[in-house]
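Visitor: got a predicted model here, sequence first, then my questions.
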Amino acid sequence: MVDEELDENDLVQIINDTDTNNNEIDPAEDNEPTSLTAKIIREGLTLGWKLGNYFLQNDPNVERALRFQRDIN
């Protein structure tokens, strides 16, 4: 991890690169409406919590990791 902060454009580029490289994404699935269920919300919140903790444990810059964890919460 580098010590420079990523801006919004960097994050969008990373997400776009991930989506293009992910062969599991089926464009037909994007057209189907999905219900936002309690289970989906719970899973998303759990993933966000895990992500915040992951960076808190692995980022050598504790202040940045705490700020990220606070923002994601």
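Guide: It's in.

Visitor: could you look up the SS state of residue 60?
Guide: Under DSSP: H, G, I helix; E, B strand; the rest coil, residue 60 falls in the coil class.

Visitor: just give me the neighbour total for it.
Guide: 8 (other C-beta atoms under 10 Å). Glycine gets a C-beta too; all of them are placed from N, C-alpha and C.

Visitor: backbone phi and psi for it, please?
Guide: phi -70, psi -20 (degrees, to the nearest 10).

Visitor: quick one: it and residue 41, what's the gap?
Guide: Noted for residue 60: a distance of 32 Å to residue 41, by C-beta to C-beta, to the nearest Å.

Visitor: which non-adjacent residue is nearest residue 59?
Guide: In space, and not counting its chain neighbours, residue 59 is closest to residue 65: 3.8 Å by C-beta to C-beta, 6 or more residues apart in numbering.

Visitor: what sits against that neighbour?
Guide: With contact taken as C-beta atoms under 8 Å, 6 or more residues apart in numbering, residue 65 is in contact with 55, 56, 58, 59.

Visitor: hmm, try it at 10 Å
Guide: Residue 65 makes contacts with 1, 52, 53, 54, 55, 56, 57, 58, 59, as judged by C-beta atoms under 10 Å, 6 or more residues apart in numbering.

Visitor: which regions of the protein sit below the pLDDT cut-off?
Guide: Applying pLDDT under 70 to the chain flags the ranges 1-4, 19-32.

Visitor: would you write a ChimeraX line that selects the buried entries of the contacts of residue 65?
Guide: Only the buried entries of the contacts of residue 65 go into this ChimeraX selection, using 16 or more other C-beta atoms under 10 Å:
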select :52,55,59
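
Visitor: okay, and which of the contacts of residue 65 map to helices?
Guide: 52, 53, 54, 55, 56, 57, 58 (DSSP state H).

Visitor: using CSV, lay out these together with distance to residue 10.
Guide: Below are the ones in helices among the contacts of residue 65 laid out as CSV (distance: C-beta to C-beta, whole Å):
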residue, distance to residue 10
52, 19
53, 22
54, 19
55, 16
56, 21
57, 22
58, 19
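
Visitor: no more questions from me, cheers.
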